[in-house]
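> how would this look folded up:
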Amino acid sequence: MGEGIKIIAQNRKARYDYTVDETYECGIELLGTEVKSFRDGKFSFPDAWAEVINGEVWIRSLKVAENPFSSVFNHDPDRKKRLLLHKDEIKRINRKVEEKGYTLIPLSFYFKKSRVKVELGLCKGKKAFDKRAGIREKDMKRDMEREFRHNKN
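Take a look at the predicted model:
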C-alpha cells in the first residue's frame, strides 16, 4: 500500500475461500463512536459481506464494538454501514454481482489520511479442489525457495 496508510485488519480467510477478481477502495460511513472503536481495533468481520441496494453499497455482518466511554449516544454494533463508491463503479459491481454470481467481500480495513477505508473484493467462491491446488502451489514455491537458499550458501 502507499504512504499514509495504516492497516487495521486483513481478512486472510477471504483470500483462501474466494478468488478475488477485482478490488475497490471504498470509504465507509461511520458514526463518531464507531470511528473510536476502529481506532482501538475493536471490530470483527469474519462473515462480513456487501450488497447493492437501490444504487448504494451496504456492508453487512460487520460487528463494531460499543465504546465504553460514550454513555447514551452509543451506536448499534450490528447496524449495516454504507460504503462510499462512485456511481459508475456501483453500476459495474451490480452488473457483475447479478449476472455472474460474484460476491462482495471486505478484504481489509485501513486508515488513509485519518479516514477509514475498506478494500472491497469482487470474489467468486473456490471449490475444495481449488483450495487444495492453492495449498500445493504454495508448498512447492516454499520448497523451491528453500532449495534455492540452501544451494546459494
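> what packs against the helix ranked longest in the chain?
What stands out as the longest helix in the chain, according to DSSP state H, is helix 128-152. Helix 128-152 sits against helix 12-17, with contacts defined as 3 or more C-beta pairs under 8 Å, 6 or more residues apart in numbering; DSSP states H and E. All C-beta atoms are positioned from the backbone trio N, CA, C, and that covers glycine.
> tell me the buried residues in the helix it packs on?
For helix 12-17, burial by neighbour count (16 or more other C-beta atoms under 10 Å) applies to 14-15.
> cool, and stretch 103-120?
103-111, 116-120.
> show residues contacting it.
Outside stretch 103-120, the residues that touch it by C-beta atoms under 8 Å, 6 or more residues apart in numbering are 1, 4-11, 14-15, 18, 20, 23-28, 30, 35, 38, 43, 45, 48-52, 57, 59, 62, 83, 93, 97, 121-125.
> of the residues you listed, keep whichever come out buried.
11, 14-15, 18, 24, 26, 28, 30, 35, 38, 43, 45, 48-50, 52, 57, 59, 62, 83, 93, 97, 121-123.
> now do the residue nearest to Val20 when sequence neighbours are not counted, the pLDDT please.
What sits nearest to Val20 in space, not counting adjacent residues and going by C-beta to C-beta, 6 or more residues apart in numbering, is Gly121, at 4.3 Å. Note on Gly121: pLDDT of 91.
> look up how far Leu85 lies from Gly121.
13 Å (C-beta to C-beta, to the nearest Å).
> tell me, what's touching the two both at once?
By C-beta under 8 Å, 6+ apart, the residues touching both Gly121 and Leu85 are Tyr24.
> for the residue nearest to Val20, give the beta-bridge partners.
Thr23, Ile105 (DSSP bridges).
> my read: it touches Tyr18, true?
Yes: when contacts are counted by C-beta atoms under 8 Å, Gly121 is listed as touching Tyr18 (7.2 Å).
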